[in-house]
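Novice: sequence first, predicted model second:
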Amino acid sequence: MTTHSSNAADLEEILQPIPEHRRTTSVWGQFWIWSGANVAPINWILGALGINLGLSLADTIAVLVIGNLVGMLGFGAFVLLGQRTGVTGMVLSRAAFGRHGAYLPAAIQAALAVGWCAVNTWIILDLVMALFGKIGWVDPAAENFWWRLSTAAFIMTIQVVICYMGYRAIAAFEKWTVPPTVLVLVAMSLVAWTQFHIDWSYAGPAGKVLTGMPRLAAMSGVMTAIGIGWGIGWFTYAPDYSRFVCKSVPKLRLYLASTLGQFIPVVWLGVLGATLATKSGSADPGALIVDNFGVLAIPVLALVIHGPIATNIINLYTFGVAAQAMDIKVSRRKLSILVGVFAMVAVVFFMKQKNFAHALDAWLISIVAWVATWGGIMAVHFFVFERRTTSFEFLFEGPDSRHMRRFNPAALVAFFGGLACTYLFMFGIIPLFQGPIATAMGGVDLSWLAGTVSAAGLYYLLGGKYARSQERAMAGHRHAFQAVSQ
């Protein structure tokens, strides 16, 4: 197996392409990275969201399985794009959006990475405080602000230290900590499904079983949150990690390792959360664990807490490379510390949110809205316009690059047009995220589909001329380079 040398680590710090001879030939690192990112409490919370919205257990499980099958298909394509190019997701944006136009998606990605880190840490705080209350350390009815803040700071420090050390530390952390965590969760699931008398025929709240359009609307909302929308949410992250995999590694092997690493824990934990929620209808993380497992959850928590940390180190790392893609002249290690501070501020904000389901739904809706449009544009650019391109070093040229325009109007029009269509078909829990077309359809949420198709269609119609002019510029550059070499 090829390993990363210290020189590769230096390239990682200054955001340069990872040469083929410094990449790995193993796909297990990808499997454990994506598994670790999803063996997290947020996925059983999102599974419980379907029950919380009034769906039956069968409907919730169907949405989880079918939605993630579709979502992971797209995710796998962006994993392969990272292997093919050796370039991070936000640097890849330069090809479609232009050298300066790519600052827009990079800035959004950096902000969302901070938000995700805060959300995942916030969920841990609910779990920890609920358990502390169970054993008498705190009053679970009190705010416990300083307990929460100190716990968050401790967890954030661990995450920042791992991220500071870089990709190799992240991969090693996932490799050695995910397997024992999985074993604990297997035991946890067996206890839940054999001892708690789960009602596998649960049809919804008594006297309020959803049928017709309300049922379809609730299913589409869950599909956006943790079905297809969940896979879409990882599009922007995928190339950041698969760029470390050799091109000689069979595409099918890398594709399966990455997508199964996502699919298995998301569906598994989603089903666990949904089954637990049938007992109370709650989507609150503390209630789901403490009310069902009680003091038995204490030894489980030590390893379950690994999941959010594993997710957050990916978010922290991606923040760093996204910031560098905006030409921020700060080392990735220093950015790791900076994002930890930003995330702590965001944690305090989330701690003030009273309605868990509403806050989480609003957050997830905002993610799908932009990633779906970005994904549609990037898919057209790299799998249609530049499907034959093999060299991508030009993407690392400075802001004064002669081979990339500063802005690509076609991509920007497609992006904002896609966002508008996404909003029209969006139906979140809070009124702010309820678009007119989705409202007219009775609350059916097709935002992810509208955003992807509209952005891709607009870019296909408008972006061909830009792609051809860039291809001619690069052909001239390669010809000049060969002439000098001879």
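Specialist: That came in fine, so what should we check first? Please read these numbers as outputs of a predicted model, since none were measured by experiment. Numbers count the residues shown, from 1 in each chain.

Novice: how about the strands in the stretch 51-200 of the chain?
Specialist: In the stretch 51-200 of the chain, no strands are found when defined by DSSP state E, counting those that start in this stretch.

Novice: low pLDDT regions in it?
Specialist: Along the stretch 51-200 of the chain, segments meeting pLDDT under 70 span 135.

Novice: all the helices of it, in order from the start?
Specialist: 57-85, 89-97, 103-134, 145-165, 167-195 (DSSP state H, counting those that start in this stretch).

Novice: any idea which of the ones you listed is most buried?
Specialist: helix 89-97 (a mean of 27; mean count of other Cβ atoms under 10 Å). Glycine gets a C-beta too; all of them are placed from N, C-alpha and C.

Novice: so which other helices or strands are in contact with it?
Specialist: Helices and strands in packing contact with helix 89-97 are listed as helix 57-85, helix 103-134, helix 238-242, helix 306-325, helix 356-380, helix 409-424; criterion 3 or more Cβ pairs under 8 Å, 6 or more residues apart in numbering; DSSP states H and E.

Novice: the same query, at a cut-off of 7 Å, please.
Specialist: helix 103-134, helix 238-242, helix 306-325, helix 356-380, helix 409-424 (3 or more Cβ pairs under 7 Å, 6 or more residues apart in numbering; DSSP states H and E).

Novice: give me the angle between the third one and helix 89-97.
Specialist: To tie it back to what came earlier, the one meant is helix 306-325. Taking axes from the mean of the first three to the mean of the last three Cα atoms, to 10 degrees, one finds helix 306-325 and helix 89-97 inclined to each other by 40 degrees.

Novice: middle-most residue in this structure, spatially?
Specialist: For the chain, Trp234 is the residue whose C-alpha lies nearest the centre (Cα atoms, centre = their mean; 3.6 Å).

Novice: how close does the residue nearest to it when sequence neighbours are not counted sit to Ile42?
Specialist: Using Cβ to Cβ, 6 or more residues apart in numbering and skipping the chain neighbours, the partner closest in space to Trp234 is Phe75 (5.2 Å). In this view, Phe75 and Ile42 are 17 Å apart by Cβ to Cβ, to the nearest Å.

Novice: do Arg94 as well
Specialist: Arg94 is 31 Å from Ile42, by Cβ to Cβ.

Novice: and for Val348?
Specialist: Separation of Val348 from Ile42 (Cβ to Cβ): 19 Å.

Novice: the more surrounded of those two?
Specialist: Ile42 (24 against 14; other Cβ atoms under 10 Å).

Novice: now Ala141. Nearest residue, chain neighbours left out?
Specialist: In space, Ala141 is closest to Gly133, 8.0 Å off (Cβ to Cβ, 6+ apart).

Novice: backbone phi and psi for Val245, please?
Specialist: The phi and psi torsions at Val245 (degrees, to the nearest 10) take the values phi -100, psi 130.

Novice: was I right about it contacting Leu81?
Specialist: No: between Val245 and Leu81 there is no contact under Cβ atoms under 7 Å: 11.6 Å.

Novice: surely Asn43 and Leu269 touch.
Specialist: Yes: taking contacts as Cβ under 7 Å, Asn43 lies within contact range of Leu269: 3.8 Å.

Novice: quick check: pLDDT value at the residue nearest to the centre of the chain.
Specialist: According to the per-residue confidence, Trp234 scores 93 in pLDDT.

Novice: any idea how far it lies from Gly74?
Specialist: Noted for Trp234: a distance of 9 Å to Gly74, by Cβ to Cβ.

Novice: and Arg148, by the same measure?
Specialist: Arg148 is 36 Å from Gly74, by Cβ to Cβ.

Novice: just Asp445 next, same as before
Specialist: Applying Cβ to Cβ to Asp445 and Gly74 gives a distance of 18 Å.

Novice: and what of Met426?
Specialist: 19 Å.

Novice: same thing with Trp147?
Specialist: 41 Å.

Novice: got it, and Pro19?
Specialist: In this view, Pro19 and Gly74 are 28 Å apart by Cβ to Cβ.

Novice: again, but for Pro180
Specialist: According to Cβ to Cβ, Pro180 and Gly74 sit 31 Å apart.

Novice: swap in Val266?
Specialist: Separation of Val266 from Gly74 (Cβ to Cβ) stands at 14 Å.

Novice: ok, now Ala95?
Specialist: In terms of Cβ to Cβ, Ala95 sits 19 Å off from Gly74.

Novice: before we move on, what about Ala379?
Specialist: 8 Å.
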